[in-house]
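Asks: Attaching a predicted model along with its sequence, questions to come.
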Amino acid sequence: MTAITATFEDFKLRAEAVGAQVEKVPNKSAALDFIAGVLLREGIADAPGARAVWAHCPAISSADREQLTARVPGIQFDVTRDNAAQAIAGISQMDWALADTGTVVQIADTVDQRLVSTLPALHIALVSTASILPNLPALLSRVDPRKTGYLAFITGPSRTADIERVLTIGVHGPARLVIVMVDELPSNKIAPEKTTSDKIASEKMAVSQ
Amino acid sequence: MNAEFKQSILDALNNPNLAGALGRFSEAYRTSRAKAYQGIDFESLRTEIAAVKSDAAGRFEELADMFQRNAEARGTKVFRTSDPHAVNQYILKLAMDRGVTSIVKSKSMASEEIHLNAHLEAAGIEVSETDLGEWIIQLAGQRPSHMVMPAIHMTKEEVADTFSDKVEDGQQPDIPQLVKFARNKLRPKFLAAEMGITGANIAVAETGSIVIITNEGNARLVTTLPKIHVAIVGLEKLIERFKDIAPILTALPRSATAQLLTSYVSIIGAPVPNTDGSPKELHIILMDNRRNEMSRDPRFKQALQCIRCASCLNVCPVFSLVGGHVFGKVYTGGIGTILTAWFDALKQSDEIQSLCIQCGACKDVCPGKIDIPDLVLELRRRLAVEQGQPLVQKAAFSIVNNRRAFHTVLRAASIAQKPFAKDGFIRHLPMFLTEMTEFRSLPSIASHPFRDVFKKIKQEVRPHATQPKPEKAAFFAGCLLDFAYPEMGEAVVQVLNKAGIEVVFPEGQTCCGAPARYSGAYEVASQNALDNIRALRADEVTYVVSACPTCTVGLQHDFVANLESTGHTDALPAARALAEKVVDFSTLVNSLVEQGRLKFKDGIAPQRFTYHDSCHLKRTLRAEQTPRKLMQQAGYELVEMQQADMCCGMGGSYTLKLPELSAPILERKLVHIEQAGVPLVLIDCPGCVMQIRGGLDKRGSTIKVELTAQRLAENFQ
């Protein structure tokens, strides 16, 4: 486990260097507490233009969803193009983290995964500590590109330096990226409970390890 | 060079915004790039990339077949064409067939290359660039001046004015506000567009996947929201294996923007569902547009190793002054010059290729390991073959090529200059020659050239105890040292004598051929090589030594290259035998010090100095640390100036052809020298000495400029 801790420190250093916020929590319930807190502080509420969209996460059960909606009215688990475009925050679960660049990576074949991480100004990314890989080659050797339609890498928030080379955060993508690193999180590599999204889960199981 | 082009250079130089933005960027880039590459072996990384890309360039059609097979197996439509016009037609027809009225685009240089937007707009389709820089350029009706930062030439005020004029009144020059404005204005366009167009940074044949990188997140939206995605991919983006994405993605962000990785990387391998559940319509266009032809050219194939990072622009001393609207067409800077010659037409590169000063800075940082300066020279050579040399140049070379005539002219000039020369400098020249002395004084031509002085030197050669046999060195003076700075030659003889080496001066030596070679006049350069090979009689000496790095590179590398390219194969063995014996002065001295044959005097008064790197010494001979080390061993204290290895603007005949650029490049160097705050600059190249000494003289500076050899001569026992 010490090796993993060291890798987490590397990841955190790199991710924070590019402006991501990194929070490490022991388990899922701590992660959900943390996220609920962030959303409430952001003013997420069940009102137009104040909602959050939450894409399918293998780790989140229907009971979790009910509990979350009760705590933070305004979280929508049914992601559409319209509600994502109106949302303040988007939440998704990533499949890997790369320590040497502070990147989170996801097989994002299903469109809701991309909608919640591109349209809202805040993206909260859940990722399991066990999924930290040292670098890009390690990742490429684990992904089966023939079975992947859209592999998405995210490193920090959206940025530009196109005007006078002045770094400005938040152009077309999120201006804020919060990465929640969970020590014990059922990841895509562990069979999730049977949900309506079984098909998606089994697709993701096809990822070679 | 036509007057219009010269005027565009002057306009760019007189644009303070441009000079400020590019200058600051160029300085910051070096530092941040170095930081981004910390812990990475750049040489081995780029060797790997060059191998991957070179392999692909050797079999584009095979890889394109493979790509097509694999992509189509998963539902992607692949269109292949050699004709850029067919790409425009294909996309237009697709848009018409699907009833597309608005398109969002993320950055694609390939689409710039074929002027796609104009084609689609002519048919009444709205096309919106979404990369912030590209959008600004599109609104302003300009073309990108930089491959990575398309609007680097514009100020925030100009951007605000453009937004106010073209989009909505009242925009203020506040960068975060301007960025926010772009986000808000482009968001509805992303949501409304029926088609998204992207380029690709890599296309993987074995999987049929494309890799797209951005920082703003626009490519993610372009590939997610519209139901149709069209990717335009130049064949040079093909690689065979998926795992080879890694080295390219390691280098590209580091070299382009000094990032470890861009904010977003998308690897798209198949059409994925749209937001309404329907399958995405994914079209990938593999575009040739002369890339195959280029891959069959033994010289230019290597240019296909380019990963479009634009680092060659960022380190270029000329680009950082004039920007991409002068230095390039669609593709800009060093690599842009080469791509323009191919994707557009050879003659289109005629003017822009002349901007290259041959300093080699781009070659050192290229992650595709492309010898850009060498390819620019090859363009120059082909242009000279195709169009002939300019008459004045031809006349000049016909003199250079005739040793006796050349030396007679120089001697005559020594007499003719008398009214203008004072204290060894010419500070003003009349009439059309004024621009030569406007920004720096010129050395006066010595009343006795080194070839005459040499005969009067009494050589006292004491063979050293450790020396196995008497040694002789043939001294190759080079024109500048011979006719302007004979004292430098005397210093060389003194030092070598102290080490037990007798110096001979072969009278038949003539110009090393660099001026002709760097002008594309390879026949002249070859004749220079032949004359010198004959004159130097390398077989009779232990060393052939020169104190001019450009001449040394000529003798050691270019003679063979010149003779090869002009078909003088019979002279190659002699050229190679000569090259074996050639050594630059500092390297030879260093080895003599190491052998104990030269010893520094005791009690040398410590002096502070700064060192200017001569391009050829650093980037071809790789000997730039040697003179620094020698002077420090002598007891001198080195104070490094900023950007010591940035060119001084001399560039041989460059300073004659483009004094308007040579001057500001020199200016920047002089500022760095003055900032070092020391009384002495040491240099290993007589050309750089001439440029920098002349520039400091014009400024009335008291800083001394010397050839390292001269200081060494004073300090050896």
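Replies: Thanks, I have it.
Asks: what about whatever residue of the stretch 601-717 of chain B ends up closest to chain A, how many neighbours?
Replies: The shortest separation between the stretch 601-717 of chain B and chain A is 18.1 Å, found at B:Gln643 (distances taken as CB to the nearest CB). All C-beta spots, glycine's among them, are computed from the backbone N, C-alpha and C. B:Gln643 is flanked by 18 other residues according to other CB atoms under 10 Å in any protein chain shown.
Asks: And it, its phi and psi?
Replies: Reported as degrees, to the nearest 10, the phi and psi values for B:Gln643 are phi 50, psi 50.
Asks: ditto for A:Ile91
Replies: Dihedral angles phi and psi of A:Ile91 (degrees, to the nearest 10) take the values phi -130, psi 140.
Asks: which strand is the longest one in chain A?
Replies: Selection of the longest strand in chain A by residue count, based on DSSP state E, yields strand A:176-184.
Asks: what's it packed up against?
Replies: For strand A:176-184, the elements it packs on are helix A:2-17, strand A:21-27, helix A:28-41, strand A:122-128, judged by 3 or more CB pairs under 8 Å, 6 or more residues apart in numbering or on different chains; DSSP states H and E.
Asks: if we can go back for a sec, ok, the residue of the stretch 601-717 of chain B closest to chain A to B:Leu132 distance?
Replies: In this view, B:Gln643 and B:Leu132 are 29 Å apart by CB to CB, to the nearest Å.
Asks: Please pull out the lowest mean pLDDT helix or strand from the chain.
Replies: The chain I'm using is chain A. Across the helices and strands of chain A, mean confidence by mean pLDDT, DSSP states H and E is lowest for helix A:198-205: a mean of 39.
Asks: could you do chain B instead?
Replies: For chain B, scoring each helix and strand by mean pLDDT, DSSP H and E identifies helix B:391-400 as the least confident one, at a mean of 69.
Asks: Tell me which residues are up against the next helix or strand after that helix.
Replies: Once helix B:391-400 ends, the next helix or strand along the chain (criterion: DSSP states H and E) is helix B:403-416. Surrounding helix B:403-416, the residues in contact under the criterion CB atoms under 8 Å, 6 or more residues apart in numbering or on different chains are B:399-400, B:444-447, B:449, B:451, B:479, B:483, B:508, B:510-511, B:531.
Asks: got the contact list for the residue in chain B positioned nearest to chain A?
Replies: Nearest residue of chain B to chain A (CB to the nearest CB) works out as B:Gly217 at 2.5 Å. For B:Gly217, the contacting residues are A:118, A:158, A:171-174, B:263-264, taking CB under 8 Å, 6+ apart as the criterion.
Asks: So which of those sit within strands?
Replies: For the contacts of B:Gly217, membership in strands holds for B:Tyr264, with DSSP E as the criterion.
Asks: ok, the contacts of B:Gly217 vs B:Ser311, which is closest?
Replies: The shortest separation between B:Ser311 and any of the contacts of B:Gly217 is 19.4 Å, and it belongs to B:Ser263 (by CB to CB).
Asks: quick revisit: show me which positions of the longest strand of chain A end up buried.
Replies: Along strand A:176-184, the positions that meet the burial threshold by neighbour count (16 or more other CB atoms under 10 Å in any protein chain shown) are A:176-184.
Asks: One more: stretch B:170-179?
Replies: If you call a residue buried by 16+ other CB under 10 Å, then stretch B:170-179 has these buried ones: B:171, B:173, B:175, B:178-179.
Asks: so where is chain B shaky, pLDDT-wise?
Replies: Counting by pLDDT under 70, chain B shows low-confidence ranges at B:389, B:391-392, B:395, B:399-401, B:429-436.
Asks: circling back to that earlier point, for the residue of the stretch 601-717 of chain B closest to chain A, what are its contacts?
Replies: In this structure, B:Gln643 makes contact with B:27, B:30, B:672, judged by CB under 8 Å, 6+ apart.
Asks: now the most centrally placed residue in chain A: how far from chain B?
Replies: The residue lying closest to the centre of chain A (CA atoms, centre = their mean) is A:Ala125, at 2.2 Å. Distance, A:Ala125 to chain B, by CB to the nearest CB, to the nearest Å: 13 Å.
Asks: list the contacts for that residue?
Replies: For A:Ala125, the contacting residues are A:91-94, A:104, A:117, A:154, A:177-180, taking CB under 8 Å, 6+ apart as the criterion.
Asks: Let me know how buried residue 38 is, in neighbour terms.
Replies: Picking chain A for this. Neighbour count of A:Val38, defined by other CB under 10 Å: 21.
Asks: let's do chain B instead
Replies: By the measure other CB under 10 Å, the count of residues near B:Gln38 is 8.
Asks: Can you list phi and psi of it for me?
Replies: Backbone geometry at B:Gln38, expressed as degrees, to the nearest 10, gives phi -60, psi 130.
Asks: Could you measure from it over to A:Leu68?
Replies: Plainly put, B:Gln38 is 42 Å away from A:Leu68 if you go by CB to CB.
Asks: just B:Gly234 next, same as before
Replies: In this view, B:Gly234 and A:Leu68 are 47 Å apart by CB to CB.
Asks: Include distance to B:Ile197 and pLDDT when you put the buried residues of strand A:176-184 into a markdown table, please.
Replies: Output for the buried residues of strand A:176-184, formatted as a markdown table (distance: CB to CB, whole Å; pLDDT from 0 to 100):
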| residue | distance to B:Ile197 | pLDDT |
| --- | --- | --- |
| A:Arg176 | 29 | 98 |
| A:Leu177 | 27 | 98 |
| A:Val178 | 32 | 98 |
| A:Ile179 | 31 | 98 |
| A:Val180 | 35 | 98 |
| A:Met181 | 37 | 97 |
| A:Val182 | 38 | 97 |
| A:Asp183 | 43 | 95 |
| A:Glu184 | 44 | 88 |
